[in-house]
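Enquirer: Pasting the sequence and the predicted coordinates here, then a few questions.
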Amino acid sequence: MSDSTDKTLQLVGMIYDAALDESKWTPFLERFASAIGGSSALIRDVDLQTHNAGFVASTGYDPAWQAAYCNHFVKIDYLTTGLARFNEGAVKTSDQVFQLSKQCKTEYYNDYAIPQDKPHAIGTFLVKNGNETLMFAAQRGKHAGAF
C-alpha cells in the first residue's frame with residue numbers, strides 16, 4: 001500500500017474510534033489537519049437562525065478565540081451561512097463559498113480569520129437539519145496557501 005493510502009486508512013480508523021469515544025476527536029482533528037497541511041480543524045455545531053454555536057471538538061484554536069466566535073463572530077460568519085447553500089456533504093473551500101476579494105472587506109475576515117492566521121478554509125456540513133448544522137472544517141495560514 002502507498003503511504004497516502006496508509007494515512008487515509010489510519011484517519012478513517014480514527015473517525016470510527018472517535019465516534020465511540022468523543023475524547024478521540026481532537027487527536028483525529030490534529031492528524032487530519034497535519035495530513036492536509038492545515039493549522040487547525042474543527043467540528044462545530046451552529047444554529048443558523050439563533051446564531052448559537054458550540055465546538056464539539058477542535059485543534060489549533062485558542063479557547064479565547066472559540067469564545068469570541070460563539071459570542072460574536074458566529075453572527076457575521078459568511079462561510080458557515082454561505083456553505084448552507086450547498087448540499088450536505090459538499091466539500092467547499094472558502095474561496096468557493098465567498099470570493100476572497102469580498103472576504104477581505106469583512107469584519108469576520110479582518111478581525112477573526114487574519115489575527116489567527118486562518119484565511120484559508122475547507123469544509124462541509126456533516127449534518128444539515130433545518131437551521132441546525134454540524135460542520136467539519138480545516139484552516140490554513142496565509143503562507144500555506146489556499147486549499
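Expert: Received it, and whenever you're ready, just let me know what you need.
Enquirer: Okay, now stretch 19-29: how far is its last residue from its first?
Expert: Distance across stretch 19-29, first residue to last, is 13 Å (CA to CA, to the nearest Å).
Enquirer: any chance you could map the helices in the protein?
Expert: Remark: helices assigned in the chain by DSSP state H are 3-20, 25-35, 63-71, 78-83, 94-97, 100-103, 107-108.
Enquirer: what does the longest one rub up against?
Expert: For helix 3-20, the surrounding residues in contact (CB atoms under 8 Å, 6 or more residues apart in numbering) are 1, 24-25, 27-28, 31-32, 35, 57. From N, CA and C alone the C-beta is placed, and that goes for glycine too.
Enquirer: that older thread, I'd like the helices of the chain written out as a markdown table, with mean neighbour count and mean pLDDT added.
Expert: Output for the helices of the chain, formatted as a markdown table (neighbours: other CB atoms under 10 Å; pLDDT from 0 to 100):
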| stretch | mean neighbour count | mean pLDDT |
| --- | --- | --- |
| helix 3-20 | 12 | 93 |
| helix 25-35 | 18 | 96 |
| helix 63-71 | 14 | 96 |
| helix 78-83 | 19 | 93 |
| helix 94-97 | 19 | 96 |
| helix 100-103 | 12 | 93 |
| helix 107-108 | 16 | 98 |
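Enquirer: right, and those helices - which one's nearest residue 52?
Expert: Residue 52 lies closest to helix 63-71 among those, at 7.8 Å (CB to CB).
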